[in-house]
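Visitor: I would like to see how this sequence folds:
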Amino acid sequence: MNLQAILDDIVATLRPELGRSGKVADYIPALARVPADQFGIALRTADGQEVASGDSATPFSIQSVSKLFSLTLGVRALDEKLWERIGREPSGNPFNSLVQLEREQGVPRNPFINAGAIAVADRLLSVGDGLDDLLAFLRSLTGETITVDEEVAASEAATGFRNVALANFMKSFGKIDNDIPAVLDVYFRQCAIRMDCRQLARAAAFLCRDGVHPLQRTEVLGVRQARRINALMLTCGTYDAAGEFAFRIGLPCKSGVGGAIVAVVPDELTVCVWSPALDATGNSVLGMRALELFVARTGMSVF
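Guide: Next up, the predicted model:
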């Protein structure tokens, strides 16, 4: 299978559609200035082959894709204890919903909605250094320098009123242990981590290798843990559009409002697509379309 030709064909097919639909995440001022007419795609196979096309080397704010890696650190550190305060069910509601959190007494429905990721950040602060551990983890997975976009982080903090409310709400139910400003600093800054498609496809590659590190012969997660994270990606990884992603694409995916989507084909490869214009659910319009084309051209699916 000529993967380079497939990626190049996807880029050529979608490039005429750039800027025609969707809009950038303008509720975060720093993201509102990102040009919408960009598209990149990259993949890494289980045996280490890397292929990329389009704007794949352009760095961007990974936003909620960071939740995949913070969750991994949480699972490594706490395993089953992590789930004492975080659920594993699809939310069926917007990723920043307060209503559901109140009804369920401060227990987030899953670790990929905002409340769940804030709860994970709290757990990471309790067992380690929070953001420093996450950045070190990403540098290990990619073999490259990974940093935070300070402008985006400041923009997140200045406008993240609903996330502040979520954190305080969980604190009122006794579900957050650390000081709210410290927890939110980790959360806002992890969302502002800056990477490109190549780096994200490489960083997530342990999920297509039964938990084995993409660059080393070490274990990132156990086989059972890696499969569980893939399952959560499939059922909860794309906000309240997870059912549509499963129906149209059939792969575990994790998206972010920066425009990236990471998808996993177990035992085969990981792929990252990026285009900043989003649909109403906060998922990249062309990113989703690109994954549909990729699955159609390769026949890869978990179903």
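
Visitor: could you point out which element follows the worst-scoring helix or strand of the chain on mean pLDDT?
Guide: Within the chain, no helix or strand scores below helix 99-103, which has a mean of 79 by mean pLDDT, DSSP states H and E. Downstream of helix 99-103, the next assigned helix or strand under DSSP states H and E is helix 114-127.

Visitor: Pull the residues that contact that next one.
Guide: With contact meaning Cβ atoms under 8 Å, 6 or more residues apart in numbering, helix 114-127 is reached by 64, 66-67, 70-71, 73-74, 77-78, 82, 85-87, 95-96, 101, 108-111, 130, 133-134, 162-163, 166-167, 169-170, 175-178, 182-184, 186-187, 190. All C-beta atoms are positioned from the backbone trio N, CA, C, and that covers glycine.

Visitor: One more pass at 6 Å, please.
Guide: When contacts are defined by Cβ atoms under 6 Å, 6 or more residues apart in numbering, helix 114-127 is touched by residues 67, 70-71, 73-74, 77, 85-86, 95-96, 101, 108, 110-111, 130, 163, 166-167, 176-178, 183, 186-187.

Visitor: next structured bit after it?
Guide: helix 131-142.

Visitor: Determine the angle, from 0 to 180 degrees, between that following helix and helix 114-127.
Guide: 100 degrees (axes from the mean of the first three to the mean of the last three Cα atoms, to 10 degrees).

Visitor: Packing partners of helix 131-142?
Guide: helix 180-191, helix 197-203 (3 or more Cβ pairs under 6 Å, 6 or more residues apart in numbering; DSSP states H and E).

Visitor: from these, which stretch is densest packed?
Guide: Ranked by mean neighbour count, the helices and strands packed on helix 131-142 are led by helix 197-203 with a mean of 27 (mean count of other Cβ atoms under 10 Å).

Visitor: Not counting its own residues, what contacts that helix?
Guide: Contacts for helix 197-203 (Cβ under 6 Å, 6+ apart): 40, 42-44, 52, 56, 138, 141-142, 214, 262, 270, 272, 274.

Visitor: Identify those among those residues that sit within helices.
Guide: Counting by DSSP state H, these place 138, 141, 142 in helices.

Visitor: Tell me which stretches of the chain form strands.
Guide: Using DSSP state E, the strands assigned to the chain run over residues 40-45, 50-54, 60-61, 147-148, 193-195, 253-255, 260-265, 269-274.
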